[in-house]
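>>> next comes the sequence, and after it the predicted model I'd like to discuss.
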Amino acid sequence: MNDYLIRATASDGMIRAFAAVTTDTVEEARKAHGTSPIATAALGRLMTGALMMGADMKNDDDLVTININCQGPIGGLVVTADRNGHVKGYVQNPLVMLPANDKGKLDVGGALDLGVLTVIKDIGLKEPYTGQTILISGEIADDLTYYYATSEQIPSSVALGVLMNKENTVRRAGGFMVQLMPGCPDEIAEKLETRLNGIEPVTSMLEKGMSPEDILNFILEGMNPDIKDEKTDVSFYCNCSRERVEKALISVGKDELNTLIEEGKPAELNCQFCGKKYEFSVDDLKELIKKV
């Protein structure tokens, strides 16, 4: 199953929903950053959540960035997504390791511990919209659910999951997000809550072969679900380039560039989001200093 995201509505527009399978996307991020299983699970969950948030953006240039600053050993995470299914991200400590939690699962909550989740939506205005909440569990899905309730006043249910193989590659990854629209009658909200209570993990549903469409049809059963025909392919994508890195080097100023030149060694810069390496020889640096 190729990675993709879908949208749906139900109950005459009183419910909107998103679902995605992101297995290959999360695996690409794992390979790019060499993440441990816990870091892979945390990053994969956050990327999947960001993809569904990005799908709600209006314009191609709009971006959503989720930044988690936390006290746990993972250090923090940053993820950026757009409405076209592109997502990138990284963790501060990609090699974090912890024992399994009391449920025998990867202890993502323990890796994050206390912290703050910040959502930045750049939608072409003079200043981007910024919302912020505390981490209530560190499990990320709970934290995004809490963010929507407190910062955007949208009752939501977010489920995210990453299942690893024994060799620490990604076996399954995906998620769903279901939201109640303003004016939603109590009986619809209660019916949806009943459907969501006790629902199995999203990776278990994917493991059974359920598609994003199957997942949303199951959740929204009896609520006249309208699964949109349009799918959005999703992927781990970084728009870094040598030109962008050159501009970053120029921005450090002549003094810093002269120091690098005097060392007589090539300068190597890595993109935080995708891990790609860019090397600049001494001659390259001498050319760049002319542009400062």
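Structure received.

>>> and Asp102, what's its pLDDT?
What the model reports for Asp102 is a pLDDT of 87.

>>> err, Ala111, not the other one
Residue-level pLDDT assigned to Ala111 equals 97.

>>> give me phi/psi at it?
With angles defined as degrees, to the nearest 10, Ala111 sits at phi -70, psi -30.

>>> would you mind finding the longest helix in the protein?
If you go by DSSP state H, the chain has its longest helix at helix 37-54.

>>> tell me the helix or strand right after that helix.
strand 63-70 (DSSP states H and E).

>>> give the pairing partners of that next one; include direction for each.
The pairing partners recorded for strand 63-70 under DSSP bridges are strand 76-82 (antiparallel), strand 115-122 (antiparallel).

>>> just the buried positions in the longest helix of the chain, please.
For helix 37-54, the neighbour count (16 or more other Cβ atoms under 10 Å) marks 37-54 as buried. Using the backbone N, CA and C atoms, a C-beta is placed for each residue, glycine as well.

>>> ok, stretch 131-149 next?
Of all the residues in stretch 131-149, those buried under the rule 16+ other Cβ under 10 Å are 133, 135, 138-148.

>>> what is the most widely separated pair among those residues?
Across the buried residues of stretch 131-149, the longest distance by Cβ to Cβ is 17.0 Å; it joins Gly138 and Tyr148.

>>> so how far does stretch 100-114 reach from one end to the other?
End-to-end distance for stretch 100-114, by Cα to Cα, to the nearest Å: 18 Å.

>>> which residues touch it?
37-39, 41-42, 45, 68, 70-74, 96, 98-99, 134-135, 137-140, 162, 164 (Cβ atoms under 8 Å, 6 or more residues apart in numbering).

>>> next one: stretch 6-15
Contacts of stretch 6-15 (Cβ under 8 Å, 6+ apart): 16-20, 55, 178-181, 183-185, 188, 192, 212-213, 216, 220, 223-228, 230-232.

>>> what subset of those residues is buried?
16-20, 55, 178-180, 184, 188, 192, 212-213, 216, 220, 223, 225-227, 232.

>>> tell me which element Tyr147 falls in.
With DSSP H and E as the test, Tyr147 turns up in helix 141-151.

>>> pull the CA atoms of that helix into CSV?
Output of helix 141-151 as CSV, limited to C-alpha atoms (Å, rounded to 0.1, in the frame of the first residue of the first chain):
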residue,chain,number,x,y,z
ALA,A,141,-1.7,11.9,19.6
ASP,A,142,-3.1,12.9,23.0
ASP,A,143,-1.1,16.1,22.9
LEU,A,144,-2.4,17.1,19.4
THR,A,145,-6.0,16.3,20.6
TYR,A,146,-5.4,18.6,23.6
TYR,A,147,-3.9,21.3,21.3
TYR,A,148,-7.0,21.4,19.1
ALA,A,149,-9.3,21.6,22.1
THR,A,150,-7.4,24.4,23.9
SER,A,151,-5.8,26.4,21.1
